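*Asks:* here is a sequence together with a model predicted from it:
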Amino acid sequence: MRTPSRLTTRVLSATAVLALSSTLVAGTAEAGPADTGAKPQKGAAGIGDRYFPRDGNGGIDVLHYDIHDRYAFGSGRLTGRTTLELRTTEALSRFNLDFLLDVSSVRVDGRPAAFDQVGDHELQITPAKPLAEGERVTVRVEYAGTPAEESSQGESNWLADGQEVVAMNEPHMATWWFPANDHPSDKATYDIAITAPKAKKVVANGDLVGRRVEGGSATTRWRASEPMASYLAFFAAGPFEVRTGSTAGHPWTVAVSKQLPPAQRKDGMALMLQSGDVTSWLESVLGTYPFSSTGGLMTSLDVGFALENQTRPTYPAASSETTSLVVHELAHQWFGDSVSVAKWRDIWLNEGFATYMEAAYAETHGGPTTDAWLRQKYADLAGNGPFWSVRVSEPGAKRIFDSAVYDRGGMALAALRNRVGATAFATILRGWAEQHRYGNASVGEFEAYAESVSGQDLDGFFAAWLDARTVPAKTAENGLG
């Protein structure tokens, strides 16, 4: 989230994903919905995450979003329609989506559906007929509103001025611009089409599909073909300088706002152009890059943080020397985007891992070793009681972006490397990213995986680094011998 002190943000191959998607489509067509005889229920208004109880929704699994939005810079008004392909996970008489803007129409499989907008961000949909468990349906929602006027759960997340808009934030962003099952545990593929004045450049996730000009407007289409959590979906529209290229077989798209002063624009583009090389280095350490493209975007808006939007992180204005920020955000493509949290309490799997990769990159680029980094951090922070009071494995909803989640989290991984040895640790990192590719995972699952790979009992280690509210003892067991 946006905090002034925050300097950095937040087991399948791509071929296997396509094969899996085809199997799902074919399997659904052949088998049809399950006839369990279950009485249709009202889907839960919440997916079961106690940090954010109303996030996500029960009874549905969204497979694909097709978003068509139009943004008017003068008024800040957004109008659009989103078609969701989803599969029911239980028999439903009603189900919910998460959304903030005013809805004018809902159709389920082409038939008008009753709907109501209640509470903080709930869109309740009652289809013309109940849905069976396992049924695959399309839901089309039409809507309009002014996102800058909306708030949810104490957050006002829309970032725009008269020339530029960037839809980015964490843990919540989707509900300001498209209806969603808004929780990382329900990933989907995306088509994103944004209509804006033709003088504006539009950048979003994945690969550029096309751009069509009609009169004074242009519609730009992007496609994210790999599963993506809803908060990672983004778009930016404005006076951007856009460059494209390829590094080591990975296509990239980078963009920098022309609203920045010339010196900042130059530095910003130099920083964004490091994205391809950083992605290649990360791939050498973590295994195959999980997505079809990479890159980054630098905005002129006063966002105060960077964010790991899938394939295209977004950055505030920064100098060309802050390569570590690019490393952090692109490391999230493995840890956070491809392997996403099961629940928000598992945020260490995102931020601790990305922070560690900053130290690992520095080690191979003329900086201190990860062990030296760990020991310096330990010396600097050993007497900081409030820092160690945060349980990294259970930080609480209001502290998921606390500095301890980042720094103590990264230190824990450097200490784990010391504890199990460099070879086992490298296997753990690569294997974890591969085993949970395009999926979700918990801290407990990582702890069990690290033990299985290393052959060591690490209960005491993880208790000291992730669970305790005190500084870990300086012992070999804790990787500090």
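*Replies:* Thanks, I have it.

*Asks:* centroid residue for the chain?
*Replies:* Leu232 (3.5 Å; Cα atoms, centre = their mean).

*Asks:* got a list of what that one touches?
*Replies:* 205, 308-310, 337 (Cβ atoms under 8 Å, 6 or more residues apart in numbering). Just so you know, the C-beta spots here come from the backbone N, C-alpha and C atoms, and that holds for glycine as well.

*Asks:* now it: closest residue in space, sequence neighbours ignored.
*Replies:* Nearest residue to Leu232, sequence neighbours excluded (Cβ to Cβ, 6 or more residues apart in numbering): Gln310, at 4.3 Å.

*Asks:* on that earlier part again, how far away is the residue nearest to the centre of the chain from Tyr356?
*Replies:* Distance of Leu232 to Tyr356, given as Cβ to Cβ, to the nearest Å: 21 Å.

*Asks:* what of Leu416?
*Replies:* 9 Å.

*Asks:* how about Ser75?
*Replies:* For Ser75, the distance to Tyr356 - Cβ to Cβ - is 45 Å.

*Asks:* again, but for Val392
*Replies:* From Val392 over to Tyr356 (counting by Cβ to Cβ), the distance is 12 Å.

*Asks:* swap in Pro171?
*Replies:* In terms of Cβ to Cβ, Pro171 sits 21 Å off from Tyr356.

*Asks:* could you do Ile67 as well?
*Replies:* Counting by Cβ to Cβ - Ile67 and Tyr356 are separated by 34 Å.

*Asks:* repeat that for Ala45.
*Replies:* From Ala45 to Tyr356 the distance is 37 Å (Cβ to Cβ).

*Asks:* what residues does Glu447 make contact with?
*Replies:* Glu447 neighbours (Cβ under 8 Å, 6+ apart): 458-459, 462.

*Asks:* let's go with 6 Å and repeat that
*Replies:* Residues in contact with Glu447 (Cβ atoms under 6 Å, 6 or more residues apart in numbering) are Phe462.

*Asks:* just the element for it, please.
*Replies:* helix 443-454 (DSSP states H and E).

*Asks:* what's the next secondary structure element after that helix?
*Replies:* helix 459-462.

*Asks:* starting at the chain centroid, how far to that next one?
*Replies:* Distance, stretch centre to chain centre, for helix 459-462: 28 Å (Cα atoms, centre = their mean, to the nearest Å).

*Asks:* show residues contacting it.
*Replies:* Residues contacting helix 459-462 (Cβ under 6 Å, 6+ apart): 419, 447, 477.

*Asks:* for Ala188, state which of those is nearest.
*Replies:* Glu447 (28.6 Å; Cβ to Cβ).

*Asks:* so for that closest one, what's the pLDDT?
*Replies:* As summarised for this prediction, Glu447 has a pLDDT of 99.

*Asks:* same question, Thr322
*Replies:* Looking at Thr322, the pLDDT reads 87.

*Asks:* roughly how far does it sit from Lys398?
*Replies:* 27 Å.

*Asks:* of those two, which one has the most company?
*Replies:* Thr322 (17 against 9; other Cβ atoms under 10 Å).

*Asks:* roughly how far does the nearest residue to the more buried one once chain neighbours are set aside sit from Met298?
*Replies:* Counting by Cβ to Cβ, 6+ apart, Thr322 lies nearest to Leu271, which is 6.6 Å off, once chain neighbours are set aside. Applying Cβ to Cβ, the value for Leu271 to Met298 is 7 Å.
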